[in-house]
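Enquirer: Need coordinates for the following:
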Amino acid sequence: MTSGPLRTSILFSAIILFGIIVSSAIASEIKLSPDPGQYRDNIRVSMGFPENWIVYYTLDGSNPTINSSIYSAPINIEEDTVLRYFEIKPGSSRGIIKEAFYGISRDDPDEDELRTIADPPGGVFSGRISVSMTSRDGATIYYTIDGSEPTTQSPVYTAQMLLANDTVLRFFSMDRTGEREPVREVLYTFRLTDKQLDTTPPTIVIDPTPERYIGDERIKLRSDEESTIYYTLDGTEPTENSFRYTDPILLEKKSVIKFFGIDSMGNRSSVGSAEYILDVTPPSTIATPPTGLYKLPQNVTLSASEDDAVIYFTLHGSDPTEGSSIYKDAIAVKDDTVIKYFAVDKYGNAESVNTSEYLFDDTPPVTRPNLPAGEYFPPVSVLLSTEPGSVIRYTIDGSDPDLNSPLYTGDDIVFRKGGTLKFFAVDQEGHRESIQEYTYNLFKGVWRKYARGVFLIPSATDGKVFWMGTDTGLIRYQVGSGSRKFIGEREGLLGSEINDLVLDENGILWVASDLGLNRYVDDGGFMRFDHEGGLPGRAVLSMGVDTDNTIWAGTMEGVAQIKGDIILQILTEKDGLIDNAVLSVAVDALGNKWFGTSKGLSMYADGKWNHYTKADGLIHNEVRTVAVDSKWNIWIGTPRGISVYDGADWKSYTRKDGLPSNSIVLITPDPDGDVWIATRAGVIRFSAGEWIMEESP
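Expert: Residues are numbered from 1 along each chain as shown. Predicted coordinates for the structure are as follows:
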C-alpha cells in the first residue's frame, strides 16, 4: 500500500540494434484522477487509459480477478477505500495488480444543515436495488439519473427508485424558505453479469399533432421513459447540439419540428417530424351571381376560399353570427333579398361580414338606336341595342310592329331613300316595351357610303362634323343634330370653288380652292396660303397628308410641302417632277409620295424620283386621281380607264372589264378593303375581285 498520491511512470528503454532503436513500455500507463490521498468529502475517481484496454478493480481491499468489476465510469468514493486494479492490453497478458488508498475524513454534519442523503449511498451492487432519498422536513428533492445537472424543472423525488443498471444519481433539496443545498452525486455500479441491459430506444410523441393544432397551443414533446429530447424548428436534422427540450414550444411562424430522444442507457430514438402551418388569415367568401339587378329568380351559391371553412348567413339584412344558418346548398331568391354572410376556418379565423343584394326588375326593356332621328347622307345604317336576353321586333315601312314582325338579329338596318323605323323589345319574363319610332330623312344629290365612302363632291369628316366643298364655298354639317353652316369668302375663306378637303393627323381641316390653300383654325378663321405667299401656282387642285403630318399641295405649277404655317419646299420639273401640273396626290404607309400629273405618275421618296407612263404600263398618261388601298396597291384613274400597280406589275380595267365608263372622276378605298370608283356614268365598287355597281339616290 502506498502512503501518498500514487504516481505511475513510464520507463522507456532503448536498444540500438544494427542501427535501429527499439522502445517498449514496461510500466502501467493508467492515470487516476484525483490522486490517491485524504479527502474531506465524497469524491469520484476516474481512470485514464487507452480505450482498447480492459481494467478490472475492487473497492473492498481484495485482489481483483477477471470476474471483478470492469471500469466503465467514474467510481464514487464516500468512505475510506482501498482501490485495487489491473489492466489487460490487446495481445498481452494481464498487468500486475496496483493499489490506491482514498481516505474520507469529514466532520460531523451540522444538524441544521440542509442535506439530502441517498440510501444506499452508492457503490457496486449485484441485482436490482431500491434507492430512497431523505432531507429536512418540508424540503423538496430534485434529481436526475442521466448524469445531467438537476434544476427545479427536474423530476421531484416522491418514492423509492428501482435501479438495475449503472446510474449517476445527482440531486439537491430546497426548503420552503428557498434555501438550496449544493448538487450532490452518487454512483451506482452493477456487476456486468447482473445488469438488466436496456436496448429499447424511447418513444417520443408530439402533442398536439398538426391535424389537431388550432394555432394558439404550445407544442409538447413527451417520452415513454426518462429521456433527453433534442429538436429543431426549421426542418433540419436534430443532433445533440440542437435545442434541448425543457418547456412546451410556442410557434410564431410555419415550422417543421424534427426531434429525437436519448434514454439513460444511451438508446436513441428515430427522428420524428411534424409540420405546423400557422394560419392567421381568415377565409374569403364570394357570392355567385354577384350583387345586381335581375329579372329572373336566381340560385345564389356561396363559396369560401378554404375547403373546410363553415359559412354562416342571414337573408333579411341582419348581421350573421356563428349561431346563424350554416350554408349547405344554393339559396333560391326571387324577391328583393339582402344576403349577409361570413366564413370561419378550422383555426377559428373569421372573415368580416359580406353583403350581397339582389334586386328584381319587373319593368320592360328599353331599346335604343345608335343614331337619333334626323337628316343624314345616304345610306344610313342603324343598329339597335337593348337589355341582354331581350328580343326586338321592327318594321321600316311605317307600320306598327307586332310579335310576327321581323326579328332584329344585330345587323345594320340600312336606309338608302329614307324611312321610318319602328320597334319594341320583349324580355325573358314577357315584359314588353312600348313601340318606339325614329324617322330618318336623307339628303338628295350627294351619294354616300357609311360616311366613309365616295362623294361626288369634295368632303371630309371626323365622325362629328361633315365638311362639304361646293363651287361657292364650304358647308359645315353637324352629325346628329343636323345643323348646317355655310362658310365662304365673306367668312375668311380664300377662294370659293373648293377642289379638295383633307383632315390631317391632328384633325385639322385643310381646304384646297381655286385661289390657294386654307387651314381651318379653332376660332373659326383660316390661315391662308396663296401664290404670292409662296405657293407654286394659284389654284390648289389636290392634297395628301404625309406620315410626318405635313401637307402636300398640288398645283398647275408644281407641288408644295407645308407644315403648320410654313412652306417647307417646292418641287417642280426642275427638281425631277415629271410634269408641273399635279392633278392628284396620295401618300402610302411607307411615306412614298405619288403625284398624278398630265404626263404620267411620279413617285418621290427620300429625295429620289421614279416615273411611270404608258411605256411602263399606265393605261393613259393623264392621271386625274390616285389612291392607295389597304394592300398598298396604287390605283390610278385616267380618262381611258384604271391602272393598278402592286409595286411590280401593272393591271388595267376599262368598260370591257365592267366599268360603267372609262372616264374616271375619283377613286377612294374604304377601311373595309373595298375600292370605290366614281365615273362619268355612275359609281362602282371593287370588292374581293368583283365589280359591283352601286345605285345612287
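Enquirer: Kindly state the pLDDT recorded for Ile413?
Expert: With respect to pLDDT, Ile413 scores 91.
Enquirer: typo on my end, it should be Phe12
Expert: 28.
Enquirer: just Gly389 next, same as before
Expert: On pLDDT, Gly389 comes in at 87.
Enquirer: any idea which helix or strand carries the closest residue to it other than its chain neighbours?
Expert: The spatial neighbour of Gly389 that comes closest, neighbours along the chain excluded (Cβ to Cβ, 6 or more residues apart in numbering), is Gln428 at 4.7 Å. For every residue, glycine as well, the C-beta is placed using N, CA and C. Assigned by DSSP states H and E, Gln428 belongs to no helix or strand.
Enquirer: which secondary element of this structure has the worst mean pLDDT?
Expert: Lowest by mean pLDDT, DSSP states H and E among the helices and strands of the chain is strand 12-17, with a mean of 27.
Enquirer: hey, where'd the strands end up in the stretch 351-500 of the chain?
Expert: Along the stretch 351-500 of the chain, the segments classed as strands by DSSP state E, counting those that start in this stretch run 354-360, 368-369, 374-376, 380-382, 384-385, 391-395, 413-415, 419-426, 436-442, 459-461, 465-469, 474-478, 484-487, 498-503.
Enquirer: got the contact list for the residue nearest to Gly389?
Expert: By Cβ atoms under 8 Å, 6 or more residues apart in numbering, Gln428 lies in contact with 295-296, 389-390.
Enquirer: Export these as JSON lines, with columns for distance to Gly507 and neighbour count.
Expert: Listed next are the contacts of Gln428 as JSON lines, based on distance: Cβ to Cβ, whole Å; neighbours: other Cβ atoms under 10 Å:
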{"residue": "Lys295", "distance to Gly507": "43", "neighbour count": "18"}
{"residue": "Leu296", "distance to Gly507": "46", "neighbour count": "11"}
{"residue": "Gly389", "distance to Gly507": "39", "neighbour count": "13"}
{"residue": "Ser390", "distance to Gly507": "37", "neighbour count": "21"}
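Enquirer: any chance of these in CSV, plus distance to Ser434?
Expert: Conversion of those to CSV gives the following (distance: Cβ to Cβ, whole Å):
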residue, distance to Ser434
Lys295, 18
Leu296, 22
Gly389, 19
Ser390, 14
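Enquirer: And those, which is closest to Thr409?
Expert: Ser390 (13.2 Å; Cβ to Cβ).
Enquirer: Arg640 reaches Lys656, doesn't it?
Expert: No - Arg640 is not in contact with Lys656 according to Cβ atoms under 8 Å; the separation is 11.7 Å.
Enquirer: okay, the two: which has more neighbours?
Expert: A side-by-side neighbour count of Arg640 and Lys656, using other Cβ atoms under 10 Å, places Arg640 first with 17 against 8.
Enquirer: Spatially nearest residue to the more buried one (excluding sequence neighbours)?
Expert: Leaving aside its chain neighbours, Arg640 sits nearest to His620 (4.0 Å; criterion: Cβ to Cβ, 6+ apart).
Enquirer: give the contact list for the one you found.
Expert: 614, 638-641.
Enquirer: ok, now Asp530?
Expert: By Cβ under 8 Å, 6+ apart, Asp530 lies in contact with 494, 515-517, 538.
Enquirer: will you turn these into a markdown table that also has pLDDT and secondary structure?
Expert: Formatted as a markdown table, these follow (pLDDT from 0 to 100; DSSP: H, G, I helix; E, B strand; the rest coil):
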| residue | pLDDT | secondary structure |
| --- | --- | --- |
| Leu494 | 94 | coil |
| Leu515 | 95 | coil |
| Gly516 | 95 | strand |
| Leu517 | 96 | strand |
| Arg538 | 95 | coil |
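Enquirer: Pick the one among these closest to Lys89.
Expert: Leu517 (121.9 Å).
Enquirer: how close does the closest one sit to Val465?
Expert: Distance, Leu517 to Val465, by Cβ to Cβ, to the nearest Å: 20 Å.
Enquirer: Could you check which of those two has the larger neighbour count?
Expert: In this view Leu517 and Val465 are compared by other Cβ under 10 Å, and Leu517 has more residues nearby, 27 against 15.
Enquirer: quick one, what contacts Ala560?
Expert: 517, 529, 534-536, 552-553, 567, 569-571.
Enquirer: swap the cut-off to 7 Å and go again
Expert: Counting by Cβ atoms under 7 Å, 6 or more residues apart in numbering, Ala560 touches 535-536, 553, 567, 570.
Enquirer: okay, now Asp307: neighbour count?
Expert: 9.
Enquirer: Could you tell me what pLDDT the model assigned to it?
Expert: Taking Asp307 on its own, its pLDDT is 88.
Enquirer: just the helices in this structure please.
Expert: Along the chain, no segments are classed as helices by DSSP state H.
Enquirer: residue contacts, the residue nearest the centre of it?
Expert: Residue closest to the average C-alpha location in the chain (Cα atoms, centre = their mean): Ser305, at 16.9 Å. Contacts for Ser305 (Cβ under 7 Å, 6+ apart) come out as 283-284.
Enquirer: likewise the one 10 residues further on?
Expert: Contacts for Leu315 (Cβ under 7 Å, 6+ apart) come out as 337, 339.
Enquirer: Make residue 1 into 22 and carry on from there
Expert: OK, 22 is where the count begins now, so the last one is Leu336.
Enquirer: Tell me how far it lies from Leu314.
Expert: Remark: distance between Leu336 and Leu314 (Cβ to Cβ) = 18 Å.
Enquirer: How about Pro660?
Expert: Using Cβ to Cβ, Pro660 is found at 64 Å from Leu314.
Enquirer: How about Gly554?
Expert: 63 Å.
Enquirer: now do Glu100
Expert: The spacing between Glu100 and Leu314, counted by Cβ to Cβ, is 100 Å.
Enquirer: quick one on the thing from earlier: tabulate the strands of the stretch 372-521 of the chain (a markdown table), appending distance to Thr230.
Expert: Formatted as a markdown table, these follow (distance: least, Cβ to Cβ, whole Å):
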| stretch | distance to Thr230 |
| --- | --- |
| strand 375-381 | 33 |
| strand 389-390 | 65 |
| strand 395-397 | 78 |
| strand 401-403 | 72 |
| strand 405-406 | 61 |
| strand 412-416 | 62 |
| strand 434-436 | 72 |
| strand 440-447 | 63 |
| strand 457-463 | 71 |
| strand 480-482 | 77 |
| strand 486-490 | 77 |
| strand 495-499 | 79 |
| strand 505-508 | 86 |
| strand 519-524 | 77 |
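Enquirer: average pLDDT across stretch 353-369?
Expert: 90.
Enquirer: ditto for stretch 644-656
Expert: 94.
Enquirer: So for that stretch, what gets flagged as buried?
Expert: Using 16 or more other Cβ atoms under 10 Å as the test for burial, stretch 644-656 gives 644-650, 654-656.
Enquirer: ok, now stretch 485-493?
Expert: 487-490.
Enquirer: if we look at that stretch, which residues are touching it?
Expert: 478-482, 495-500, 509, 517-519, 522, 530.
Enquirer: which of the residues you listed are buried?
Expert: Burial by neighbour count, judged by 16+ other Cβ under 10 Å, picks out 479-482, 495-498, 500, 517, 519, 522, 530 from these.
Enquirer: could you dump these to CSV with pLDDT and distance to Asp356?
Expert: Listed next are the buried ones among the contacts of stretch 485-493 as CSV, based on pLDDT from 0 to 100; distance: Cβ to Cβ, whole Å:
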residue, pLDDT, distance to Asp356
Pro479, 74, 62
Ser480, 75, 57
Ala481, 76, 56
Thr482, 74, 51
Leu495, 90, 61
Ile496, 88, 58
Arg497, 87, 55
Tyr498, 81, 52
Val500, 69, 45
Ser517, 90, 70
Ile519, 91, 65
Leu522, 91, 60
Leu530, 92, 58
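Enquirer: okay, the residues you listed in TSV with distance to Gly287 next?
Expert: Formatted as TSV, the buried ones among the contacts of stretch 485-493 follow (distance: Cβ to Cβ, whole Å):
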residue	distance to Gly287
Pro479	107
Ser480	103
Ala481	100
Thr482	98
Leu495	108
Ile496	109
Arg497	105
Tyr498	104
Val500	98
Ser517	117
Ile519	110
Leu522	103
Leu530	100
